[in-house]
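Engineer: Compute the structure for the input listed below.
(2 chains)
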Amino acid sequence: MKRLPYLSEPVEEKLQQDIHSNLSRYRGAGFGDVASRPDWAIECKFEYDPLPLSKLDAENSEYDNSLLVWQALSLLPTSLACEGRIWARLSHVECFEYAKARWLPSADSDDQTASAVQLHFFATTMTARRDDNAIARLWWSAKIASRIAGEGDIADTLKLITMTADIRSNIVERTMMMSRPVLARAVIEVMQSVPAVHGSEAAFREFMKMLNRSGGGIVFERLAPKDVLAFVENCAKLTVAT
Amino acid sequence: MKLSSSSRFPHPVLSLDTSDYRDATFGLEITYTEDFKLGQLTLVCNSTVGCPSMEDLIQKDLVGLSLSVGCRDTYYREIHDLNADAQIVLPLDHFFGRVELTPLLISKASIASHTSTDLSAEFQQPIAFREGDLVGYAPTMVITVGRLKLEKFDSIFQLSEADDLDEGEVAVDVEADKIQIQVSPAMKQMVDGLRINTTGQRLLLSMIYLPAVMEVLSILMGESGAGSGRRWKEVFTAKCDRLGINPEKSDLLRDAQRLLHFPVPVSLGAISEEDE
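Structural biologist: Numbering: from 1, shown residues only, chains lettered A, B, ... in the order given. The predicted model follows:
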């Protein structure tokens, strides 16, 4: 086990300013030569297993890679996962080769590469952490799957979340609904049994509207899981029928 | 749980958003403390239920007080029942930034036939509540948890040169991770000269930062989505939440002074100390 490192604020800021002048590093060997400098490797108290991160592979599915990140960092406190400099460090050092292979196509122009670096190697806001950073994105998929699965196995939920980019955004961007585990569990179950509700962006939006309209004032947390499921199934039925 | 004036219920609900009860009120005062050493967030609640029939249901333990606690950034959203001490202790690790607290009244058992003179004329027939029904709610309160609100203002502002400004002109650009306070190259040299000593820093609070914060508030008032996805917005919003400032409806001069801890006397103090 190792202590989780993160970048100092000045290092993160300088990296963001110098994206263009560092393009050869991003396209090449990365930042290994500076990674052990004290301001590049401030250690938090949290310890993690670095081995699964070394197995990340851009050729593998997002599901496989999410599971690897989760194996390494499932115990990371959520509040700490909101600190962008942890993810910036992992993207620039420990998981650099994966982040480069996944998000920096070699045929891209300088400007395209610089934009991709800004988007996928840093994590300064909630959206950047959840959706864009190469490693944080994988962690949040697994985190949300774990919130929804509760004590159960995250595999099925994570598979659904990472099935397509559209499904992922449909689920993770509905924070109000999907952060309520009892409701989210039923929604996921219905998405699996009635694929038509997420067959298109428009269909899913209608399904969500139906849930919002019909369930606005219901305290799902006080209902039996089977009643929540029946409610969501009914909304799905009404959505598909219209 | 998204509750608003457009929420519809199959039964009467005690809330400012509905007119189901006459002259009745429900409110909850919440104070919170963060213990970073123990890693705990403690919420202490003090409720006021100005509705005799609802008070009666609470006393009979048929209705209970609960708090919906939600944090968008961490995907935490749970309903906690208030214990006899009206206190909830939660791990701080669950939260980052804005935390929404919505007081709820929830039925704890089925109530077959509820009648009340507090109810509006529309509900003069006996009402039935199922166990778990939402029977009242108070406005959502937002608190900011974690260190975001404690970050220094300096960390979200950056002084930068802009060639296209008139000499002496100051401008603010919010389309970057840090708010850019733009000045001409000559003026930047002067400001940089002031920033290297304490007296200069104290003067700049009123001369540069106060109007800059007013400008940011003004931009947010005109367009609440401004700065979305920018780092400065998270810190700025956290600081506003902490002081109960709604950036969309702010009193520019007053709120800018509050956010900067009233900088004018600080600057005046710097001038008078310099004179001495």
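Engineer: How about the residues of chain B by chain A?
Structural biologist: Within chain B, the positions lying close to chain A (C-beta under 8 Å from any C-beta of the partner chain) are B:1-3, B:6-9, B:13, B:70, B:72-79, B:92-97, B:104, B:106, B:131-134, B:146, B:155, B:177, B:229-231, B:233-234. Every residue, glycine included, has its C-beta placed from N, CA and C.
Engineer: In strands, which of the residues you listed appear?
Structural biologist: B:70, B:76-79, B:97, B:104, B:106, B:134 (DSSP state E).
Engineer: what's the closest of those to A:Glu221?
Structural biologist: When these are compared for distance to A:Glu221 (C-beta to C-beta), B:Ile79 wins out at 4.7 Å.
Engineer: So which bits of chain A are right by chain B?
Structural biologist: A:9, A:16, A:77-82, A:84, A:124-128, A:143-144, A:147, A:175-176, A:178-180, A:212, A:216-219, A:221-223.
Engineer: Can you tell me which of those residues are classed as buried?
Structural biologist: A:16, A:77-82, A:84, A:124-126, A:128, A:143-144, A:147, A:175, A:178-180, A:216-219, A:221-223 (16 or more other C-beta atoms under 10 Å in any protein chain shown).
Engineer: give me phi/psi at B:Leu67?
Structural biologist: Torsion angles at B:Leu67 (phi, psi; degrees, to the nearest 10) stand at phi -130, psi 120.
Engineer: Nearest to chain A: which residue in chain B?
Structural biologist: B:Gly132 (3.0 Å; C-beta to the nearest C-beta).
Engineer: quick one, what contacts the nearest residue to that residue once chain neighbours are set aside?
Structural biologist: Leaving aside its sequence neighbours, B:Gly132 sits nearest to A:Arg222 (C-beta to C-beta, 6 or more residues apart in numbering or on different chains; 3.0 Å). By C-beta atoms under 8 Å, 6 or more residues apart in numbering or on different chains, A:Arg222 lies in contact with B:79, B:106, B:131-132.
Engineer: Is it possible to mark the buried ones in those?
Structural biologist: B:79, B:106, B:132.
Engineer: Would you enumerate the residues in contact with the second one?
Structural biologist: So the one you mean is B:Ile106. Here B:Ile106 is in contact with A:219, A:222, B:63-64, B:66, B:79, B:132-135 (criterion: C-beta under 8 Å, 6+ apart).
Engineer: Those residues into a markdown table, with extra columns for distance to B:Ala121?
Structural biologist: Output for the contacts of B:Ile106, formatted as a markdown table (distance: C-beta to C-beta, whole Å):
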| residue | distance to B:Ala121 |
| --- | --- |
| A:Val219 | 27 |
| A:Arg222 | 29 |
| B:Val63 | 22 |
| B:Gly64 | 28 |
| B:Ser66 | 29 |
| B:Ile79 | 32 |
| B:Gly132 | 27 |
| B:Asp133 | 21 |
| B:Leu134 | 22 |
| B:Val135 | 19 |
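Engineer: Next one: A:Met178 from A:Ser66, what distance?
Structural biologist: 16 Å (C-beta to C-beta, to the nearest Å).
Engineer: In which helix or strand does B:Leu43 reside?
Structural biologist: Secondary structure assigned from DSSP states H and E places B:Leu43 in strand B:40-50.
Engineer: model confidence over the helix or strand encompassing A:Lys159, on average?
Structural biologist: Mapping A:Lys159 onto the secondary structure by DSSP H and E places it in helix A:155-161. Helix A:155-161 shows a mean pLDDT of 90.
Engineer: can you list contacts of whichever helix or strand comes after it?
Structural biologist: For helix A:155-161, the succeeding helix or strand toward the C-terminus, using DSSP H and E, is helix A:165-172. Residues outside helix A:165-172 that contact it (C-beta under 8 Å, 6+ apart): A:130-131, A:140-141, A:144, A:160-162, A:178, A:188, A:191, A:198, A:201, A:204, A:208.
Engineer: Mind picking the lowest-pLDDT entry from these?
Structural biologist: Among these, A:Glu201 has the lowest pLDDT, at 81.
Engineer: ok, that residue - how many residues close by?
Structural biologist: 12 (other C-beta atoms under 10 Å in any protein chain shown).
Engineer: which ones are touching it?
Structural biologist: Taking C-beta under 8 Å, 6+ apart as the definition, contacts of A:Glu201 comprise A:166, A:170.
Engineer: In a markdown table, list the ones in strands among the residues of chain B next to chain A along with pLDDT.
Structural biologist: Output for those, formatted as a markdown table (pLDDT from 0 to 100):
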| residue | pLDDT |
| --- | --- |
| B:Gly70 | 94 |
| B:Tyr76 | 93 |
| B:Arg77 | 92 |
| B:Glu78 | 93 |
| B:Ile79 | 94 |
| B:Gly97 | 88 |
| B:Leu104 | 95 |
| B:Ile106 | 94 |
| B:Leu134 | 92 |
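Engineer: Looking at those residues, which one is closest to A:Arg37?
Structural biologist: Nearest member of those to A:Arg37, counting by C-beta to C-beta, is B:Gly97, at 29.8 Å.
Engineer: which regions of chain B sit below the pLDDT cut-off?
Structural biologist: By pLDDT under 70, the low-scoring segments of chain B are B:1-2, B:276.
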